[in-house]
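Participant: Sequence first, then the predicted structure, then my questions.
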Amino acid sequence: MPSLATLALYLLAGTAIGLLALFSGIPAAPLAGALLGAGIVSMSGQLEPATWPAGTRTVLEIGIGTVIGTGLTRASLEQLQLLWKPAVLITLALVLTGLVVGLWTSRLLGIDPVVALLGAAPGGISGMSLVGAEFGVGAAVAALHAVRLITVLLVLPLVVRLIVPSTAGS
């Protein structure tokens with residue numbers, strides 16, 4: 001098991017790049033930046049792979065679930081009464097598309113079907129990475145979602161501004 005100093009270096013790298021990314025103004029930048037920072041340290045091969053103490057992932061999953069849960073308010077429930085049909089349609093379309101793209105990618109590119117399916121799933125980087133970790137492919141799933149997330153966060157706002165110009169000043 002890595003020493004506490006090794007884990008502290010991983011935390012320092014993730015925190016530093018996460019905070020640096022925070023100034024980019026991109027949504028979820030701290031998460032993507034921390035992933036990038038810790039990933040660079042890990043991929044450098046200069047430190048032994050991080051093995052966190054037992055229960056660490058459970059604590060982080062509870063924390064992530066709590067952060068997501070606190071974003072659900074009474075107003076969210078009221079909006080869902082109006083938006084439940086689009087929510088169901090969008091969810092089904094994204095899940096089915098993710099399954100098709102994941103299976104197609106796995107066969108076409110010869111990658112592990114679990115990585116492809118979880119990488120193509122319509123979830124967030126943190127949640128899907130945690131699910132991937134349950135299957136032993138968390139880093140690969142995180143990498144796919146990081147590319148997707150960064151691309152979407154950079155490209156989609158520009159596309160929305162082009163398609164719906166009235167939202168530019170709102």
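Facilitator: Great, that's in hand.
Participant: Show me the domain layout of the protein.
Facilitator: 1-53, 73-170 (automatic domain parsing).
Participant: Quick one: distance of the first one to the chain centre.
Facilitator: Right, domain 1-53. Centre-to-centre, domain 1-53 and its host chain are 15 Å apart (CA atoms, centre = their mean, to the nearest Å).
Participant: could you point out which element follows the longest helix along the chain?
Facilitator: The single longest helix within the chain, with elements called by DSSP state H, is helix 74-109. Next helix or strand after helix 74-109 toward the C-terminus (DSSP states H and E): helix 113-119.
Participant: Spatially, and excluding backbone neighbours, which residue is closest to the one residue sitting closest to the centre of the chain.
Facilitator: Central residue of the chain (CA atoms, centre = their mean): Ile125, 0.9 Å from the mean position. In space, and not counting its chain neighbours, Ile125 is closest to His145: 4.1 Å by CB to CB, 6 or more residues apart in numbering. (Glycine included, C-beta is placed from N, CA and C.)
Participant: model confidence over the helix or strand hosting the one you found, on average?
Facilitator: Assigned by DSSP H and E, His145 belongs to helix 138-163. Averaged across helix 138-163, pLDDT comes to 83.
Participant: How about stretch 96-110?
Facilitator: Regarding stretch 96-110, the rounded mean pLDDT is 96.
Participant: Report the buried residues of it.
Facilitator: For stretch 96-110, a neighbour-count test (16 or more other CB atoms under 10 Å) marks 98, 102, 105-106 as buried.
Participant: related to what we said a few turns ago, buried set for the helix holding His145?
Facilitator: Across helix 138-163, burial judged by 16+ other CB under 10 Å covers 138-146, 149-150, 153.
Participant: now stretch 5-25
Facilitator: By neighbour count on 16+ other CB under 10 Å, the buried set for stretch 5-25 is 6-7, 9-10, 13-14, 17-18, 21.
Participant: What lies in contact with that stretch?
Facilitator: 29-38, 40-42, 47-48, 50, 52 (CB atoms under 8 Å, 6 or more residues apart in numbering).
Participant: are any of the residues you listed buried, and which?
Facilitator: Among the contacts of stretch 5-25, those buried by neighbour count (16+ other CB under 10 Å) are 29-38, 41-42, 47, 50.
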